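**Student:** No letters, just coordinates:
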């Protein structure tokens, strides 16, 4: 197909496609004549992936290049590619490692050990959790951290569902990364909404029953 | 205590305290002389709650007034107060009820019925979930919705932990609302981080094992 058809098939405007081509985020088409490149289904899929990474994952161009380089290996490391996609998306206002952060990280390390998690303590998620723990303590709500163990167990269940969904496409690493990004980022919003509904349902039972009986 | 001490005790600057007093978010102190008001521990707690609602919950002033009016009832309805605090905080770009949204809501209604949830279909969370479902379908990743049932089960577990934590303070409705807001809003960030760590741990197992064996 020509670039105009590629644009229609992928939903990505032609100028954006040209930009991706210049940046090397999309491999060049096959030139049938010096001014006429042809694209195929592989280009459509790649464009959708790049689009999801930019718009949903907000992954910087450098990160996308790294990720695509990994995907284009003969035996791509899907775990590493997913990491490239998801790490930059986390909210992060790095804070100096003051004693409060250090104490939170020590607690978090114990949690990680109890769960048997093999994770990188440089990951933004690790930093984010430590900062949340400090925030809860500063607000005088350290007792909410009593829920940490339970939340971590639930996180394992969520990750099991997440990975189960994307692993169905394991023969198509590009699609695994595509779904991992969308499922994780959009999935945060889904889980947030479901948590609110479940809270609403349970809070009515816990607190209205109380209001009536008191 | 005087207003300067109230400011120190609560961490809220004096001009902000005066603004809250004018807006009726903080009850007036007791006047010991025409220009000298005295505040007590109740004011400190109320200020911390208002602060958390504004800064963490991003609840509009009108919503805070409604919530405080509920809390100041002789028998406050804590369920309703928590609702006032949390509903406005959800991301919401309302979308016309087009056929896609209507179809998503029909699916969501079935899920809600299967879970036995007693929830308001006007709540922003309900709308948010329907919109996420539409987004996933539009992106060509409708198959990720196969996880919806599992995610909803997990949401019930999360809500159980959430409510269990705050219900320990049921004799102090103001503190229940305070912790519900902080635990829910800051808790979203905590759960997001834990989900990422759990994914990282599991993805290494699922996909790196594959890379090695292939």
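**Tutor:** Now that the structure is in, tell me what you want to look at. This one's a predicted model, so the numbers in the text were calculated from it and none came from an experiment.
**Student:** what residue is smack in the middle of chain A?
**Tutor:** In chain A, the centroid-proximal residue (CA atoms, centre = their mean) is residue A:86; its distance is 3.8 Å.
**Student:** List the contacts of that one.
**Tutor:** Contact analysis of residue A:86 by CB atoms under 8 Å, 6 or more residues apart in numbering or on different chains lists A:57, A:180-181, A:184-185, B:196, B:199. Using the backbone N, CA and C atoms, a C-beta is placed for each residue, glycine as well.
**Student:** and of the residues you listed, the nearest to residue B:78?
**Tutor:** Closest approach to residue B:78 among the contacts of residue A:86 (CB to CB): residue B:196, at 32.2 Å.
**Student:** Could you say which helix or strand holds that closest one?
**Tutor:** helix B:173-203 (DSSP states H and E).
**Student:** That helix and chain A in contact?
**Tutor:** Yes. Interface with chain A: helix B:173-203 contributes B:176, B:178-180, B:182-184, B:186-203 (CB under 8 Å from any CB of the partner chain).
**Student:** Sketch out the helices for chain A, chain order is fine.
**Tutor:** A:3-10, A:14-23, A:41-55, A:61-71, A:78-86, A:99-115, A:124-138, A:148-167, A:173-203, A:209-213 (DSSP state H).
**Student:** Relative to residue B:161, which of those is closest?
**Tutor:** Per CB to CB, nearest to residue B:161 of the helices of chain A: helix A:148-167, 4.4 Å.
**Student:** Give me the buried positions along that closest one.
**Tutor:** A:148, A:150-152, A:154-163, A:165-167 (16 or more other CB atoms under 10 Å in any protein chain shown).
**Student:** Now do it: everything it contacts.
**Tutor:** With CB under 8 Å, 6+ apart as the criterion, helix A:148-167 contacts A:107, A:111, A:114-115, A:133, A:176, A:179-180, A:183-184, A:187, A:191, B:143-144, B:146-147, B:150-151, B:154, B:157-158, B:161, B:187, B:190-191, B:194-195, B:197-199, B:201-203, B:206-207.
**Student:** run the last query once more with 7 Å
**Tutor:** Contacts with helix A:148-167, where a contact means CB atoms under 7 Å, 6 or more residues apart in numbering or on different chains, come from A:111, A:115, A:176, A:179-180, A:183-184, A:187, A:191, B:144, B:146-147, B:150-151, B:154, B:157-158, B:161, B:190-191, B:194-195, B:197-199, B:202-203, B:206.
**Student:** Stretch A:70-85 too?
**Tutor:** A:53, A:57, A:59, A:63, A:66-67, A:173-174, A:176-177, A:180-181, B:200, B:203-204, B:207-208, B:211, B:214.
**Student:** Please apply the same query to stretch A:30-41.
**Tutor:** So stretch A:30-41 is contacted by A:1-3, A:6, A:28-29 (CB under 7 Å, 6+ apart).
**Student:** Contact partners for the closest residue in space to residue A:135 that isn't next to it in sequence?
**Tutor:** Leaving aside its chain neighbours, residue A:135 sits nearest to residue B:186 (5.8 Å; criterion: CB to CB, 6 or more residues apart in numbering or on different chains). Applying CB under 7 Å, 6+ apart to residue B:186 gives the contacts A:132, A:135-136, B:56.
**Student:** What pLDDT is listed against residue B:186?
**Tutor:** The model reports residue B:186 with a pLDDT of 89.
**Student:** Same question for the one 4 residues further on.
**Tutor:** Here, the pLDDT recorded for residue B:190 equals 95.
**Student:** Surely it and residue A:132 touch.
**Tutor:** Yes. Under the contact definition of CB atoms under 7 Å, residue B:190 touches residue A:132, with a separation of 4.5 Å.
**Student:** Okay then, goodbye and thanks.
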